[in-house]
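Asker: This is a predicted model, with the sequence first.
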Amino acid sequence: MKHWLLVALFVCLGAAGFARPQQMNMQTNVRIINGADTPEQIPDKKAYFHVMYRIGKFAQDPTTNPVADVALARLGFISDETPQAKRIFINFANQYDADEAEFNKLATANDAKGVRTDKTAFESQIDKLVADTRSELASVLGTNSLLNFHSFVLGEKKHMRIAVPQ
Amino acid sequence: MKKALFLLMLIVAFSGRANAQGCVPTISFSDYDSVWAATGPNGYPQATVYRSYHITGSAQMITEYCPGSQNAQHHEVLTTSIGTASNSLTTNPHCVSCSFNDTVTTSLNMMPGDGPVSGNSTSSLVCSLAGSFYYSSRSKYFEIAATWDHASGPGTYDGQSGGEPVYIYNVTHYCSNGTPDYNPSSLSVNEPNAATDTYFWTPNAILYRLTTTSTWSVLWPTGGATDYGYSQAPSSHTCTHTGPQQ
């Protein structure tokens, strides 16, 4: 009898420890904000992040650099504004990548220990990076270019979506 | 005997509880499905249309409450397309709570009058233990239209702008039948003696829309100067596009 119970116990432990994670069915509870329907619910800082990162990445790839040039020229950036703005966008994208890599190092170590990683510090760091980059842009762009760029970013919200925890 | 049965019940109850409580990632996710353009490799009026799908976020989870998940990894799968042009990306695996930031881009050379074409951008967040646990899909319809113009007479000097002389040309629209209603009667160009077969390509000239009934949007943001080309034979493309322009 004891032997039978031992076998049953082993089967249960096996099911709890191994079988279940492989059949894990994760739940995701999120609410979607679609910028095509409610652009005002997409935060400006999120819209600026996406647009500046995109242009920064286009600008540092020789294949897509003309796309960045066209976009900035069509925004009315004058000739000496364009190289400065591109430098700022490239720095922004690179700094984001560096900050994210640093955060991921911490998250990897915490996951291995089973400890939750607080993401708020990283999020604040990125919010500050976006704000600082906007200030830097304001220091090199004329009023018209700055307003054109702001209008463009707001218009791009219709191509963005955000999923937030419910 | 009774003790052993009780122990068994505890184990079964505990294993179910841990899974139900712990394997719920806190997802933060945003995507940006953007459309860009540059001059095509054959020059005006060809355009290369770029579609760039960018996702960023994280799926954080307390791994100690989710049995086996400390050994789990996540990765993302992205696709994007414009008609027959497509691209995809499967990222390297990373830790469950890591932040992700991925982009996939595709491009298609288009002439005014090409299309309409459609395409999707999709993304999946995938767990090595649980499989795909978040999926996002965006559909876009691309219809490219344009208006371009020919000088109908000599330019008139209109002073200087940005250190360069400006000339006003009366223009006729090459492609006015059914095009989006961007129909300027004259254009301001930094070019003194444009021949009548010079075409002018204006910043508002390439338009796209995302459904057959939606408002036309300017593919290239407004602003900037008018471009021009010399002695190009008019395109054989007919413009059949209709609809309001943004």
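Answerer: Nice, I can see it. Quick caveat, the model's predicted, so the values are computed rather than measured.
Asker: list the helices and strands the longest helix belonging to chain A packs on?
Answerer: As assigned by DSSP state H, the longest helix anywhere in chain A is helix A:81-113. Secondary-structure packing of helix A:81-113 (3 or more Cβ pairs under 8 Å, 6 or more residues apart in numbering or on different chains; DSSP states H and E): helix A:44-59, helix A:65-74, helix A:120-140, strand B:99-110. In this view, the C-beta of every residue, glycine as well, is placed from N, C-alpha and C.
Asker: how far away is residue B:34 from residue B:111?
Answerer: The gap separating residue B:34 from residue B:111 is 22 Å, by Cβ to Cβ, to the nearest Å.
Asker: Looking at those two, which is more packed in?
Answerer: Using other Cβ atoms under 10 Å in any protein chain shown as the criterion, residue B:34 and residue B:111 rank with residue B:34 on top: 22 against 16.
Asker: and the more buried one, that one's in a strand?
Answerer: Yes: per DSSP: H, G, I helix; E, B strand; the rest coil, residue B:34 lies within a strand segment.
Asker: and it, bridged to which residues?
Answerer: Per DSSP bridges, the residues bridged to residue B:34 are residue B:52.
Asker: Could you do the one 5 residues further on as well?
Answerer: Partner residues in beta bridges with residue B:39, using DSSP bridges, are residue B:47.
Asker: residue contacts, it?
Answerer: Applying Cβ atoms under 8 Å, 6 or more residues apart in numbering or on different chains to residue B:39 gives the contacts A:66, A:70, B:46, B:47, B:48.
Asker: Could you check the pLDDT of it?
Answerer: We have a pLDDT of 72 for residue B:39.
Asker: Ok, residue A:158 next?
Answerer: 88.
Asker: cool, and residue B:8?
Answerer: So, for residue B:8, pLDDT stands at 44.
Asker: Look up how far residue B:24 lies from residue A:29.
Answerer: Distance, residue A:29 to residue B:24, using Cβ to Cβ: 7 Å.
Asker: I'd like the helices and strands packed on helix A:81-113 written out as a markdown table, with mean pLDDT, distance to residue B:140 and mean neighbour count added.
Answerer: Converted to a markdown table, the helices and strands packed on helix A:81-113 look like this (pLDDT from 0 to 100; distance: least, Cβ to Cβ, whole Å; neighbours: other Cβ atoms under 10 Å in any protein chain shown):
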| stretch | mean pLDDT | distance to residue B:140 | mean neighbour count |
| --- | --- | --- | --- |
| helix A:44-59 | 97 | 16 | 23 |
| helix A:65-74 | 83 | 17 | 21 |
| helix A:120-140 | 97 | 26 | 15 |
| strand B:99-110 | 94 | 11 | 20 |
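Asker: Nearest to residue B:120, out of the ones you listed?
Answerer: Closest to residue B:120 of the helices and strands packed on helix A:81-113, according to Cβ to Cβ: strand B:99-110, at 11.0 Å.
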